[in-house]
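>>> Please work out how this folds:
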Amino acid sequence: MPRPTTAAGLLCIALMLMFPGLVAAQDFPNRPIKLVVPFPPGGSTDAVSRVVAASLTPRLGQQVIVENRPGAGSQIGLEFTARSAPDGYTLVLGAADGLVVLPVMKKKAPYDPIKDFTPIAVVAEVPLSYAVNVKFPANTLGELIAYAKSKPGSVRYGSAGVGTTLHLGVELLQAITGTQMVHVPYKGGGPMMVDIVAGEIEMVLTSSDLAKKYADSGHIRVLAQADTRRHPLLPNIPTTAEVGQPELRAVSWMGIFGPAGLPKSIVDRMAKELAPLLEEPAIRERMILVGANVRYIPSGNIAKLITEETAKWGRVVREQRIPLQD
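From the prediction side, this is the model:
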């Protein structure tokens, strides 16, 4: 064998030993990709993940398989991804709940949302809405606030669990308006909605698709959308900005992340497919139907988003004196 070829071969072997991810990234993807969803099937994050996975599969030429790994407020699925090999074949659809809210609610954060993950892109956001049981004496957000002020501790609100966006979104309402309500946490949004229909609780913060579903069936009354623009599923419901509460915004965003150390070539390949995909009218329509809106934020801007959101929700936790979790 000629000497130059031998030298090239030795160099190649050395590169493979020193930078295995670099070599693996060159032909990415060459097998199916696992997209971890740190929530159970049926929720907004799961629905968005399936829209994204089904649309990415033909673009990448490899199947993108959704794998639900729920538990501990999305901590289990996120930690699983953080411990996976940074080769692009295990990714996670992380949401604000696990990457922002959960860390600020813990005495000791289980991971660093910036250092322990490689952001690829934010792909969607789910605006949330304040709603009450249909028998509750409030037809507007203003009337709910007035009622809660006149009877401190009389309004019970449900959430999908302590330290979720559905929890802190109502705490934000209380912090801004000076109201006092009683938190009733559930093990997920499903049981929460069952109890507001039954009248066991008076108020919830919920996603647009669930708000529409239960309002159309006559069980709840949607008072306001906690956003600056109306979601197409709720075109007749005002936003909090429209009713004079512009700071009252509770939106859960979702993005695709890999483990720390994911090669830039893989991030770039995924972004190359995601950006035009999210511009397709059919994808935007499918997102709307599951209660979401397309929102594309590239990799380089996601750390800023996490930092800003951490400051916002951390301030709510401190002001409302919410006990930190172990």
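
>>> isn't Glu143 right next to Tyr130, touching?
No - judged on C-beta atoms under 8 Å, Glu143 makes no contact with Tyr130 at a distance of 11.5 Å. In this view, the C-beta of every residue, glycine as well, is placed from N, C-alpha and C.

>>> Between the two, which is the more surrounded one?
Relative neighbour count places Tyr130 above the other of Glu143 and Tyr130, with 27 against 14, counting by other C-beta atoms under 10 Å.

>>> what about the more buried one, is that helix, strand or coil?
Here Tyr130 is strand, with the state taken from DSSP: H, G, I helix; E, B strand; the rest coil.

>>> correct me, but it touches Asp227?
No - applying C-beta under 8 Å as the test, Tyr130 and Asp227 come out as separate, 11.0 Å apart.

>>> Touching both of those two, which residues are there?
Each of Thr240 lies in contact with both Tyr130 and Asp227 under the rule C-beta atoms under 8 Å, 6 or more residues apart in numbering.

>>> List the beta-bridge partners for Gln325.
Taking DSSP bridges, one finds Lys106 as the beta-bridge partners of Gln325.

>>> Now do it against Pro103, distance only.
Applying C-beta to C-beta, to the nearest Å, the value for Gln325 to Pro103 is 11 Å.

>>> Those two: which has the busier surroundings?
Pro103 (20 against 13).

>>> So for stretch 178-191, mean pLDDT?
Per-residue confidence for stretch 178-191 averages out to 90 on the pLDDT scale.

>>> and what of stretch 222-239?
Throughout stretch 222-239, pLDDT has a mean value of 96.

>>> buried residues in it?
Neighbour-count burial for stretch 222-239 flags 222-227, 230-231, 233-234, 237-239 (criterion: 16 or more other C-beta atoms under 10 Å).

>>> ok, of these, which one's closest to Pro86?
Using C-beta to C-beta, the shortest approach to Pro86 within those belongs to Asp227, at 34.6 Å.

>>> Three-state assignment for the nearest residue to that closest one once chain neighbours are set aside, please.
Excluding the flanking residues, the one nearest Asp227 by C-beta to C-beta, 6 or more residues apart in numbering is Pro127, at 4.0 Å. State at Pro127, reduced to three classes by three-state DSSP: strand.

>>> Let me see the contact set for Ala53.
By C-beta under 8 Å, 6+ apart, the contact set of Ala53 is Leu35, Val64, Ile65, Val66.

>>> Take those and write them to a markdown table, including distance to Leu248 and pLDDT.
Listed next are these as a markdown table, based on distance: C-beta to C-beta, whole Å; pLDDT from 0 to 100:
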| residue | distance to Leu248 | pLDDT |
| --- | --- | --- |
| Leu35 | 32 | 98 |
| Val64 | 36 | 97 |
| Ile65 | 38 | 97 |
| Val66 | 33 | 97 |
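
>>> What subset of those residues is buried?
Taking 16+ other C-beta under 10 Å as the criterion, what is buried in the contacts of Ala53 is Leu35, Val64, Val66.

>>> Return the set of residues that bridge with the second one.
According to DSSP bridges, Ile33 are recorded as the beta-bridge partners of Val64.

>>> that's a helix at Leu91, yeah?
No - applying three-state DSSP, one finds Leu91 to be strand, outside a helix.

>>> I'd assumed Pro32 was in contact with it.
No - with contact defined as C-beta under 8 Å, Leu91 does not count as touching Pro32 (11.6 Å).

>>> Of those two, give the one with the bigger neighbour count.
Leu91 (24 against 13).

>>> list the contacts for the more buried one?
For Leu91, the contact set (C-beta under 8 Å, 6+ apart) comprises Ile33, Lys34, Leu35, Val36, Thr81, Ile120, Ile256, Phe257, Gly258, Met270.
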